[in-house]
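In: pasting a predicted model and its sequence here:
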Amino acid sequence: MRIVFLGTGGSTPSVHRNLPAIAVRWGAELILFDCGEGTQRQMMFAKVGFCRKMKIFISHMHGDHILGLPGLFQTMSLLGRKHPLEIFGPKGICEFVDAVTETVEYNLTFLIEKKEVGEGLVCKGKEYGMFAVWADHGIPNLAYALVENERLGRFFPEKAEKLGVPQGRLWSRLQRGGTVELGGRVVKSDEVTGPPRPGRKIVYSGDTRPCDAVERLALNADLLIHDCTLDDELVEKALEQGHSTPSQVASIARKAAVKKLILTHISVRYEESKVLLEQAKKTFPNVQVAEDLMEIEVPYTE
């Protein structure tokens, strides 16, 4: 699972930061959180592809989080996309997509499947669930958690050998959770594997003030990606505008026991993000400030 930060700014783009868009590359699937202006160009730089199976999860209906959709539709059509594109978001997302596709001459080559969602399980993939809660931003804003299914337990070759299971395809079957029959005796997967292991959990806040809902959603997450528009000295302004500061976000990460924190949605006033990083590190050491086209791998917890 690889996270690509396509856009890490907020409100308006700057020389160094595009508007919000975060891609999760996961096997053959691409998951996108928000789609600010110019996202399709950032996708070209990142080489994430336009024609693979793809879902987009919109946090809220502010322009800096959705105005990349029209351009993305155009680019995908020109490249001959065939797979349906799934879009999820709060109330208004369906009306917005309809308005764009009905008034712009696209000649779309693919089907757009759109759905307005709220709290709870938003969609269920083969290997994950996407959950949402309402954050605190003045207008309806969804924070999302991508929660991977549990994995099978660790395989113990010595146990398989002791039970007389020959190495090869039968080991593979047991590793995948199946059973094998040997001389009239059935060997089950749980006889040669450990307990189930947790999958990975990625949480994206969208724009929000610090709130209990996001903290609960982020509990034990492998990665929390959180709004950090302004620094601690501007805390009143941040709260007034529906945003968070480094110390506030770091406190959420600490209380939620997340493994890693990434600060994003950075105001154009910060050409240098060092002050944000230093303020957050006082409370939560394992933190980074997102930069455009930054990529990180999210490892499994063994």
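Out: Arrived safely, thanks for sending.
In: I'd guessed R25 sits against M1; true?
Out: Yes. Contact criterion Cβ atoms under 8 Å: R25 and M1 qualify, at 7.4 Å. For the C-beta atoms, the positions are set from N, CA and C on the backbone; glycine is no exception.
In: strands of the stretch 151-300 of the chain, start to end?
Out: For the stretch 151-300 of the chain, strands defined by DSSP state E, counting those that start in this stretch occupy the ranges 179-182, 185-188, 201-204, 223-227, 261-264, 287-289, 294-297.
In: tally of neighbours for E158?
Out: Applying other Cβ atoms under 10 Å, we find 8 residues neighbouring E158.
In: and the pLDDT for it?
Out: Looking at E158, its pLDDT reads 84.
In: from M76, how far out is it?
Out: Distance, E158 to M76, using Cβ to Cβ, to the nearest Å: 50 Å.
In: need the helices for the stretch 1-150 of the chain, in chain order.
Out: For the stretch 1-150 of the chain, the helices defined by DSSP state H, counting those that start in this stretch occupy 39-46, 63-66, 69-78, 93-103.
In: tell me what the longest one is packed against?
Out: What it means is helix 93-103. helix 69-78, strand 112-116 (3 or more Cβ pairs under 8 Å, 6 or more residues apart in numbering; DSSP states H and E).
In: just put the strands of the stretch 151-300 of the chain in TSV and tack on mean pLDDT, distance to A213 and mean neighbour count.
Out: Converted to TSV, the strands of the stretch 151-300 of the chain look like this (pLDDT from 0 to 100; distance: least, Cβ to Cβ, whole Å; neighbours: other Cβ atoms under 10 Å):
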stretch	mean pLDDT	distance to A213	mean neighbour count
strand 179-182	82	43	14
strand 185-188	83	41	12
strand 201-204	98	11	26
strand 223-227	98	13	28
strand 261-264	98	17	26
strand 287-289	98	21	21
strand 294-297	97	25	13
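In: wait, which of these is closest to E271?
Out: strand 287-289 (12.3 Å; Cβ to Cβ).
In: which residues are in contact with that closest one?
Out: 228, 250, 253, 260-264, 266, 273, 276-277, 280-281, 294, 296 (Cβ atoms under 8 Å, 6 or more residues apart in numbering).
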